[in-house]
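*Asks:* 3D model of this:
(chains A and B)
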Protein chains: 2
Amino acid sequence: MEKYALIVAGGSGIRMGTSLPKQFLQLGHQPVLLHTVARFLEAYADLHMVLVLPPAYIEKGRELVQSMPGAGNCAFTPGGETRFHSVKKGLQFIPEGAVCFVHDAVRCLVSAGLIRRCFETAAEKGNAVPAISPADSMRFQTESGQFQPLDRSKVRLIQTPQTFHSTVLKKAFDQPYDPGFTDEASVVEKAGVPIHLIEGEPTNLKITTPLDLLVAEQLLAKR
Amino acid sequence: MEKYALIVAGGSGIRMGTSLPKQFLQLGHQPVLLHTVARFLEAYADLHMVLVLPPAYIEKGRELVQSMPGAGNCAFTPGGETRFHSVKKGLQFIPEGAVCFVHDAVRCLVSAGLIRRCFETAAEKGNAVPAISPADSMRFQTESGQFQPLDRSKVRLIQTPQTFHSTVLKKAFDQPYDPGFTDEASVVEKAGVPIHLIEGEPTNLKITTPLDLLVAEQLLAKR
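*Replies:* Residues are numbered from 1 along each chain as shown, chains lettered A, B, ... in the order given. I've put the predicted structure just below:
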């Protein structure tokens, strides 16, 4: 079964306080984005890739990725208005009958092992979404505006790569946009398909703040 | 108004994979617990402290804390079966008519500024519980066992110091134990008192895994 990684990097780095989008920030010896690409190639050397980038950064992304050995199978497309629109644009490059990973470009510490587990579950059950249990107590705002305790043993923090049969994913993305579409799982679920959570990784961080970048540097240094 | 910090360190370090409870692990030049104590003394030099420790570590804790300049006003007590029972034991040392901070010993990066904001809100409104917004998408397990999307804009991650008028806190802890008592706010709320959330700090980490300890080392080095 062919494998496609749709790597989404629409973010503009506002929370990072830098002008450069966070996927281009340097982490160790290379930009965040190249770490992410390298992880997928480590999991599956024959993987195809589609990179969704901010329109102004397409050329920079192309130059960076094409300098990597083994990153030949890569298409590039500018992102859209929301995550949904960005993924929809990327899906144009992905055929039916494949397995498609949709991954945050800034989750650059994902392990090859997690990528492979996502593939295996998606190949068997139709999809796989990695998730971890939270460490903190939580509260949830009710309609009255009050924050009530939330049973954290029932909460999962959702990660990527969210992994699907591409035929199912492409069909789900034919739905009209809904503001409730916060990730790909929510789009597929709205199309009537149950989602399979699998165990994610605490180190599969989303790099959105300078603190996250610092942590990622430490984790990389330890590997 | 007198101030008491009830510092709770019941944990046994299972998730850390060490035999030493995590509040005694070395972080920079001193154990985690002493960083925590130092933060409270930095906020209020005239603060009283009650430390709740695992029974086998009372003497070690006493030796460590009593070696600190300014940490004279400190009582020690062994923890109980659950968080609720540990806090209840500590409350025996705290008079009515004070403000009481209840704090996780392993949140050793709390700032003096947050401690002071907790005090000011609790002095004015009766209590203050710091909380931050989550960065991840979430799902919540419904009664059918399925995980449904949860609107993360309505979720808050709860931190400590959870801060209360001691009279209200002590009265709330006279209630019989309930497994729903996951933190002090849930106990006080069950007694009919509304909880006031205030903005917490992303760096106010709870050190529960080796990754957290690594992050804390980096944050300390940057200060």
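*Asks:* alpha carbons only for contacts and neighbour counts from here, please
*Replies:* OK.
*Asks:* ok, the most centrally placed residue in chain A - contacts?
*Replies:* The centre of chain A sits closest to A:His103, judged by Cα atoms, centre = their mean, with a distance of 2.0 Å. By Cα atoms under 8 Å, 6 or more residues apart in numbering or on different chains, the contact list for A:His103 reads A:Ala5, A:Leu6, A:Ile7, A:Val8, A:Thr160, A:Pro161, A:Gln162.
*Asks:* nearest to A:Phe40 among the residues you listed?
*Replies:* The closest of the contacts of A:His103 to A:Phe40 turns out to be A:Ala5 (Cα to Cα; 7.5 Å).
*Asks:* so which strand or helix has the residue nearest to the centre of chain A?
*Replies:* According to DSSP states H and E, A:His103 maps onto strand A:99-104.
*Asks:* quick one: the helices in chain A, in order.
*Replies:* A:32-43, A:58-66, A:83-91, A:112-125, A:166-172, A:184-190, A:210-222 (DSSP state H).
*Asks:* near chain B, which residues of chain A are found?
*Replies:* Contact residues (Cα under 8 Å from any Cα of the partner chain) of chain A with chain B: A:136-141, A:149, A:154-159, A:182-183, A:186, A:203, A:211, A:214-215, A:218.
*Asks:* please type out the PyMOL selection for whichever of those turn out to be buried.
*Replies:* Here is the PyMOL command that selects the buried residues among the residues of chain A next to chain B (16 or more other Cα atoms under 10 Å in any protein chain shown):
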select buried, chain A and resi 137+138+139+140+141+149+155+156+157+158+159+182+183+186+211+214+215+218
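*Asks:* restricted to strands, list the residues of chain A next to chain B.
*Replies:* For those, the ones inside strands are A:Ser137, A:Met138, A:Arg139, A:Phe140, A:Gln141, A:Pro149, A:Val155, A:Arg156, A:Leu157, A:Ile158, with DSSP state E as the criterion.
*Asks:* and the most far-flung residue of chain A relative to its centre, its phi and psi?
*Replies:* No residue in chain A sits farther from the centre than A:Ser144, which is 34.1 Å out by Cα atoms, centre = their mean. Main-chain torsions, A:Ser144, degrees, to the nearest 10: phi -80, psi -10.
*Asks:* which pLDDT does the model give it?
*Replies:* Confidence at A:Ser144, expressed as pLDDT, is 91.
*Asks:* do the same with A:Ser12
*Replies:* pLDDT for A:Ser12: 50.
*Asks:* now swap in the one 10 residues further on and tell me
*Replies:* In this model, A:Lys22 is scored at 88, pLDDT.
*Asks:* so it touches A:Val106, yeah?
*Replies:* Yes. In terms of Cα atoms under 8 Å, A:Lys22 counts as a neighbour of A:Val106; the distance is 7.1 Å.
*Asks:* how many neighbouring residues does A:Cys118 have?
*Replies:* Per other Cα atoms under 10 Å in any protein chain shown, the neighbour tally for A:Cys118 reads 27.
*Asks:* no wait, A:Met68
*Replies:* Neighbours of A:Met68 under the rule other Cα under 10 Å: 12.
*Asks:* same for the helix or strand of chain A with the lowest mean pLDDT, what does it pack against?
*Replies:* When the helices and strands of chain A are compared on mean pLDDT, DSSP states H and E, helix A:210-222 comes out lowest with a mean of 85. Packing contacts for helix A:210-222, counted by 3 or more Cα pairs under 8 Å, 6 or more residues apart in numbering or on different chains; DSSP states H and E, involve strand A:26-27, helix B:210-222.
*Asks:* restricting to C-alpha, output it in PDB.
*Replies:* As requested, the backbone C-alpha atoms of helix A:210-222 are provided in PDB (Å, rounded to 0.1, in the frame of the first residue of the first chain):
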ATOM      1  CA  PRO A 210      10.300  29.300  22.800                       C
ATOM      2  CA  LEU A 211      10.000  26.900  25.800                       C
ATOM      3  CA  ASP A 212       9.000  24.100  23.400                       C
ATOM      4  CA  LEU A 213      12.000  24.800  21.200                       C
ATOM      5  CA  LEU A 214      14.300  24.600  24.300                       C
ATOM      6  CA  VAL A 215      12.800  21.300  25.300                       C
ATOM      7  CA  ALA A 216      13.200  19.900  21.800                       C
ATOM      8  CA  GLU A 217      16.900  20.900  21.800                       C
ATOM      9  CA  GLN A 218      17.400  18.900  25.000                       C
ATOM     10  CA  LEU A 219      15.600  15.900  23.700                       C
ATOM     11  CA  LEU A 220      17.500  15.900  20.500                       C
ATOM     12  CA  ALA A 221      20.800  16.200  22.300                       C
ATOM     13  CA  LYS A 222      19.900  13.100  24.400                       C
END
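*Asks:* centre of the chain versus it, how much separation?
*Replies:* Here helix A:210-222 shows a centroid-to-chain-centroid distance of 19 Å under the convention Cα atoms, centre = their mean, to the nearest Å.
*Asks:* now do stretch A:69-84
*Replies:* For stretch A:69-84, the distance to the chain centre is 12 Å (Cα atoms, centre = their mean).
*Asks:* same check on stretch A:213-223?
*Replies:* 19 Å.
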